[in-house]
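Enquirer: no sequence on hand, only this structure:
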């Protein structure tokens, strides 16, 4: 295992029309760490993620993934090292059947035969999909949660060292979201999760990076930033529900401070 | 509208058991291709050849145990389109006039061409429908790839079959959104909005294509879809192809002797 699977130094990026998307980003991610990347719409999260596996190449600065700098010559190894799960599974699942889609990545790596089958089966089982039942189905006919899991399986089948997820819980119902959180918690690899779902960040990630207008404005312990409502609001975010409404449930109320009348009123 | 395509299953009889189903998809595609070529290349008016082919096709339909109502319904819909296209052949100029009304003339030659073309079309459609009803789209695409169709072309067909449902969903969503704001009030306005929708759909499709390509790149795509292990043809495949070729030649030979 590498001591820092991802190391970003002084990364800046501007879109062709001149809009600055990222400014002087410095970021290191430790092995087996789960890092939340949060920020408002247009804060540069997706642009940063696209740099992690070389879909966008650094204009200024340097990214080291594993032991390799992100340059056009190293792209193949880098993409095997960093797996990206995109926000909309319909964009990612393009093969006619689930099985073909899950095997797409490993086949590009040159894996064939029984090893290919084993990898695809392990990947599908680890996201809770039964390979023989789901394999021949068309991705178009799956539910949102199932599509998301197939998309993750397709990336896991490549056996990456780092898993990058863009808005993993967007468009998922509560149960699928819960299943996804449990799944991510059970995966032992390094994860970078870009999300607006701050409750997910609190549950899963020990460290949070806040991006605002292309810059890192906070990089540290998740609990510390989530407790700071004013800071979050300054950057177009909001304290997660579990912080902003600590007594939503009656069981959690500090009962000795409430008068019986008030309690009756609430019930 | 074509809004039902996403939910229609093309290969309704894909899982039946029959000698036809035991052929590997490549052989089925090859057989269908041979039949269609033979039918189409037969000169007009050779009714006996087509009679031989029709008998062969009908026995194949029975042998493959497809659901007849589905096959006939699809054939009927497709024949409607074909009928409109070939109707023009009826009014060809010719010597032997059978019927005349003003400048409209039906000649025996026109009738012969119309009948030949319609029959050719119907027999070819019968074969192709049989193929599509019994073979899943992924298997068909795989077969085309095995038959050395350019990989990029197969990839385009594959993404078309994958994304047509997604696109139709987007069209429906846009239509509903427009209707919810009372689009249907004014004819001219309606045409304008539909034009804008088509434009929006084009841009979205373009963007989506870009996102899909990025997702493909991040899983190591290098420009060619990798080929999985192929199903191995058996003796049955060789026999079926030989039989088919002999039959096709036999049909042509009728007019040689």
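Expert: Cool, the structure landed. Because the structure is predicted, anything quoted here is derived from the model rather than measured. Numbering: from 1, shown residues only, chains lettered A, B, ... in the order given.
Enquirer: drop to CA atoms for contacts and neighbour counts, all remaining ones
Expert: Fine.
Enquirer: identify all contacting residues around stretch A:116-128.
Expert: Under the contact criterion C-alpha atoms under 8 Å, 6 or more residues apart in numbering or on different chains, stretch A:116-128 has outside partners A:99, A:102-103, A:106-107, A:130-131, A:149-150, A:152-154, A:156-157, A:183.
Enquirer: of the residues you listed, buried ones?
Expert: Among these, those buried by neighbour count (16 or more other C-alpha atoms under 10 Å in any protein chain shown) are A:99, A:102-103, A:106-107, A:131, A:149-150, A:152-154, A:156-157.
Enquirer: all helices for the stretch 51-200 of chain A, in order.
Expert: Remark: helices assigned in the stretch 51-200 of chain A by DSSP state H, counting those that start in this stretch are A:75-81, A:89-92, A:98-108, A:113-126, A:131-134, A:144-156, A:174-186, A:198-204.
Enquirer: between the ones you listed, which one is nearest to residue B:256?
Expert: When those are compared by C-alpha to C-alpha, helix A:98-108 sits nearest residue B:256, at 48.9 Å.
Enquirer: state the mean pLDDT of that closest one.
Expert: On average, the pLDDT along helix A:98-108 is 90.
Enquirer: between that helix and helix A:113-126, how many degrees?
Expert: 120 degrees (axes from the mean of the first three to the mean of the last three C-alpha atoms, to 10 degrees).
Enquirer: so how far is helix A:98-108 from its chain's centroid?
Expert: Helix A:98-108 sits 21 Å away from the centroid of its parent chain (C-alpha atoms, centre = their mean, to the nearest Å).
Enquirer: got it, and stretch A:58-75?
Expert: Relative to its chain's centre, stretch A:58-75 lies at 21 Å (C-alpha atoms, centre = their mean).
Enquirer: sorry, back to before: can I get the buried ones among the contacts of stretch A:116-128 in CSV including distance to residue B:141?
Expert: Formatted as CSV, the buried ones among the contacts of stretch A:116-128 follow (distance: C-alpha to C-alpha, whole Å):
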residue, distance to residue B:141
A:99, 15
A:102, 18
A:103, 16
A:106, 20
A:107, 18
A:131, 22
A:149, 25
A:150, 21
A:152, 25
A:153, 23
A:154, 21
A:156, 26
A:157, 23
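Enquirer: quick revisit: which among the contacts of stretch A:116-128 gets closest to chain B?
Expert: The closest of these to chain B turns out to be residue A:107 (C-alpha to the nearest C-alpha; 6.0 Å).
Enquirer: how about the strands in the chain?
Expert: All of this refers to chain A. For chain A, the strands defined by DSSP state E cover A:6-14, A:20-29, A:34-39, A:60-65, A:68-69, A:82-85, A:162-166, A:190-194, A:207-212, A:215-221.
Enquirer: could you do chain B instead?
Expert: B:97-101, B:104-107.
Enquirer: would you confirm that residue A:135 contacts residue A:95?
Expert: No - using C-alpha atoms under 8 Å, residue A:135 is not in contact with residue A:95; the gap is 11.6 Å.
Enquirer: thinking again about what came up before, what's the closest of the helices of the stretch 51-200 of chain A to residue B:211?
Expert: Between residue B:211 and these, the shortest separation by C-alpha to C-alpha is 6.1 Å, and it involves helix A:89-92.
Enquirer: can you tell me what sits against that closest one?
Expert: Residues contacting helix A:89-92 (C-alpha under 8 Å, 6+ apart): A:85-86, A:140, A:144, A:147-148, A:151, B:166, B:208-209, B:211-212, B:215-216.
Enquirer: who in chain A is up against chain B?
Expert: For chain A, the residues in contact with chain B (C-alpha under 8 Å from any C-alpha of the partner chain) are A:53, A:55, A:76, A:79-80, A:83-86, A:90-92, A:94-97, A:104-105, A:107-109, A:112-113, A:140, A:155, A:158.
Enquirer: could you identify the buried members of the residues you listed?
Expert: By 16+ other C-alpha under 10 Å, the residues of chain A next to chain B give A:53, A:55, A:76, A:79-80, A:83-86, A:90-92, A:94-97, A:104-105, A:107-109, A:112, A:140, A:155, A:158 as buried.
Enquirer: quick one: average confidence on stretch B:176-194?
Expert: Here the average pLDDT along stretch B:176-194 is 74.
Enquirer: let me fix that, I meant to ask about stretch A:140-150.
Expert: On average, stretch A:140-150 scores 90.
Enquirer: got a list of what residue B:111 touches?
Expert: B:89, B:90.
Enquirer: for ChimeraX, write a command that selects the buried ones of the contacts of helix A:89-92.
Expert: Selecting only the buried entries of these in ChimeraX, with 16+ other C-alpha under 10 Å as the criterion:
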select /A:85,86,140,144,147,148,151 /B:166,211,212,215,216
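Enquirer: how about the contacts of helix A:89-92 in JSON lines, adding distance to residue B:66?
Expert: Shown next, in JSON lines, are the contacts of helix A:89-92 (distance: C-alpha to C-alpha, whole Å):
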{"residue": "A:85", "distance to residue B:66": "41"}
{"residue": "A:86", "distance to residue B:66": "41"}
{"residue": "A:140", "distance to residue B:66": "25"}
{"residue": "A:144", "distance to residue B:66": "34"}
{"residue": "A:147", "distance to residue B:66": "32"}
{"residue": "A:148", "distance to residue B:66": "36"}
{"residue": "A:151", "distance to residue B:66": "35"}
{"residue": "B:166", "distance to residue B:66": "29"}
{"residue": "B:208", "distance to residue B:66": "37"}
{"residue": "B:209", "distance to residue B:66": "37"}
{"residue": "B:211", "distance to residue B:66": "40"}
{"residue": "B:212", "distance to residue B:66": "37"}
{"residue": "B:215", "distance to residue B:66": "39"}
{"residue": "B:216", "distance to residue B:66": "37"}
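Enquirer: residue ranges in the stretch 151-257 of chain B under the pLDDT threshold?
Expert: B:182-185, B:229 (pLDDT under 70).
Enquirer: to clarify, my last question referred to the stretch 1-150 of chain A.
Expert: A:1-3.
Enquirer: quick one: the helices in chain B, in order.
Expert: Using DSSP state H, the helices of chain B run over residues B:19-22, B:25-41, B:47-64, B:68-86, B:108-134, B:137-146, B:151-180, B:187-218, B:235-253.
Enquirer: residue A:60 is nearest to which of these?
Expert: Closest among the helices of chain B, using C-alpha to C-alpha: helix B:187-218, at 21.4 Å.
Enquirer: in stretch B:57-72, what's buried?
Expert: B:57, B:60, B:61, B:64, B:65, B:66, B:71.
Enquirer: quick revisit: the helices of chain B: which one's closest to residue A:219?
Expert: Going by C-alpha to C-alpha, the one of the helices of chain B nearest residue A:219 is helix B:187-218, 26.5 Å.
Enquirer: okay, the angle between that closest one and helix A:98-108?
Expert: Using the same axes, to 10 degrees: helix B:187-218 against helix A:98-108 is 50 degrees.
Enquirer: now do helix B:187-218: which elements does it pack against?
Expert: If contacts are counted by 3 or more C-alpha pairs under 8 Å, 6 or more residues apart in numbering or on different chains; DSSP states H and E, helix B:187-218 sits against strand A:82-85, helix A:89-92, helix B:151-180.
Enquirer: dump the helices of chain B into CSV; add distance to residue A:10 as well.
Expert: Below are those laid out as CSV (distance: least, C-alpha to C-alpha, whole Å):
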stretch, distance to residue A:10
helix B:19-22, 61
helix B:25-41, 54
helix B:47-64, 66
helix B:68-86, 62
helix B:108-134, 56
helix B:137-146, 46
helix B:151-180, 39
helix B:187-218, 23
helix B:235-253, 62
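Enquirer: out of those, which comes closest to residue A:206?
Expert: helix B:187-218 (26.5 Å).
Enquirer: how about the nearest residue to residue A:149, chain neighbours excluded?
Expert: Nearest residue to residue A:149, sequence neighbours excluded (C-alpha to C-alpha, 6 or more residues apart in numbering or on different chains): residue A:127, at 5.8 Å.
Enquirer: tell me which residue lies nearest the centroid of chain B.
Expert: Nearest residue to the geometric centre of chain B (C-alpha atoms, centre = their mean): residue B:128, 6.0 Å.
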